[in-house]
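Undergrad: got a structure for you, letters missing:
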């Protein structure tokens, strides 16, 4: 088969490797190089780096509005286009170009957590389960029918970064499974998403990372996990601004005012919340590195 792959961040790299196992990827689309690092020099995306290592041609259009961009895709004569966290909305005129259309790997069990940040939002909401879906793309945002899916349990202490890595590998598995079926002449039956249970994983704003001690401890603990490693939650403890890298909600109540340190020891700093107590176990002071409270 002739496969075109479109993706940008680290999450998409295992899927690219899965698609390229039989040297069938004829081109890779990724976002244009962006300024990064202290020097703000132009930096290629993780997907571009992987493609170049494999000798796969890379295309980086700003969008697909120009006729020349669509013509370039048509010239690849793709059987299938696999899209994983590409970062561009593809118009229907592009989705219709490959013989079998475009597949998308999405890091949730659709229709729950459509949108930009499904991994973090699942943890933040306290979900016990998530997964990945291989979806036949259509014009709407993550609304297409599901071809294949795989689920996994979210660990009680699992961070956004840890879950990201596990889901990236699971995404690669559904890509391998989907392509294996297609090579065998079997097309997975598209299952329309149910109309009930739709939720949206809105893009994370750094302003959300500021903890409000008047909120319940369980809610804050979930946010600390979800926003690790980015953007990392921040809070004021004893008049000092710190970043929280690890915290758990304790099964206890307190009459202390929210934000008060009710206990301090090697196990952590116990902070009164609007409901319950949050135990901060790993934090980072300004100008320092992440350290345990001990």
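TA: Cool, got the structure. Being a predicted model, the structure only gives us computed values, none of them experimental.
Undergrad: CA only for contacts and neighbour counts going forward, please
TA: OK.
Undergrad: what part of the protein, helix or strand, is modelled with the least confidence?
TA: Ranked by mean pLDDT, DSSP states H and E, the helix or strand of the chain with the weakest confidence is strand 34-36, at a mean of 83.
Undergrad: how is the chain divided into domains?
TA: Listed by the TED database, the domain ranges of the chain are 2-201, 206-292.
Undergrad: can you list those in TSV and add mean neighbour count?
TA: Converted to TSV, the domains of the chain look like this (neighbours: other C-alpha atoms under 10 Å):
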stretch	mean neighbour count
domain 2-201	18
domain 206-292	18
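Undergrad: so who does the residue lying closest to residue 143 once chain neighbours are set aside touch?
TA: Spatial nearest neighbour of residue 143, excluding adjacent residues (C-alpha to C-alpha, 6 or more residues apart in numbering): residue 193 at 7.1 Å. Residues near residue 193 by C-alpha atoms under 8 Å, 6 or more residues apart in numbering: 110, 111, 143, 144, 145, 146.
Undergrad: tell me the pLDDT at residue 177?
TA: pLDDT for residue 177: 97.
Undergrad: can you classify it by secondary structure?
TA: helix (DSSP: H, G, I helix; E, B strand; the rest coil).
Undergrad: returning to what we had before: is the residue nearest to residue 143 located within a helix, as I assumed?
TA: No: counting by three-state DSSP, one finds residue 193 to be coil, located in no helix.
Undergrad: how close does it sit to residue 121?
TA: According to C-alpha to C-alpha, to the nearest Å, residue 193 stands 19 Å off from residue 121.
Undergrad: repeat that for residue 199.
TA: Separation of residue 199 from residue 121 (C-alpha to C-alpha): 10 Å.
Undergrad: before we move on, what about residue 281?
TA: With distances taken as C-alpha to C-alpha, residue 281 is found 22 Å from residue 121.
Undergrad: try residue 283
TA: 22 Å.
Undergrad: same deal with residue 227?
TA: The spacing between residue 227 and residue 121, counted by C-alpha to C-alpha, is 9 Å.
Undergrad: swap in residue 218?
TA: Computed as C-alpha to C-alpha, the residue 218 to residue 121 distance reads 14 Å.
Undergrad: could you list the low-confidence segments of the stretch 101-250 of the chain?
TA: Scanning the stretch 101-250 of the chain for pLDDT under 70 picks out no residues.
Undergrad: strands of that one, start to end?
TA: Taking DSSP state E, counting those that start in this stretch, the strands of the stretch 101-250 of the chain run over residues 102-106, 114-115, 129-136, 146-153, 200-201, 233-237, 240-250.
Undergrad: which ones are touching the residue nearest in space to the middle of the chain?
TA: By C-alpha atoms, centre = their mean, the chain has its centre lying nearest to residue 119, at 4.9 Å. Counting by C-alpha under 8 Å, 6+ apart, residue 119 makes contact with 107, 108, 160, 163, 164, 226.
Undergrad: how far away is it from residue 232?
TA: Separation of residue 119 from residue 232 (C-alpha to C-alpha): 14 Å.
Undergrad: any idea what the nearest residue to residue 212 once chain neighbours are set aside is bridged to?
TA: Distances taken as C-alpha to C-alpha, 6+ apart put residue 235 closest to residue 212, at 7.6 Å, once the chain neighbours are dropped. Residues in a beta bridge with residue 235, per DSSP bridges, are residue 242.
Undergrad: my guess is residue 276 contacts residue 255. True?
TA: No: the criterion here is C-alpha atoms under 8 Å, and residue 276 misses it with residue 255 at 9.3 Å.
Undergrad: thinking again about what came up before, so what does the least confident helix or strand of the chain touch, helix or strand wise?
TA: strand 41-43 (3 or more C-alpha pairs under 8 Å, 6 or more residues apart in numbering; DSSP states H and E).
Undergrad: off-centre distance for the strand it packs on?
TA: Strand 41-43 has its average C-alpha position 23 Å from the chain's average C-alpha position, going by C-alpha atoms, centre = their mean, to the nearest Å.
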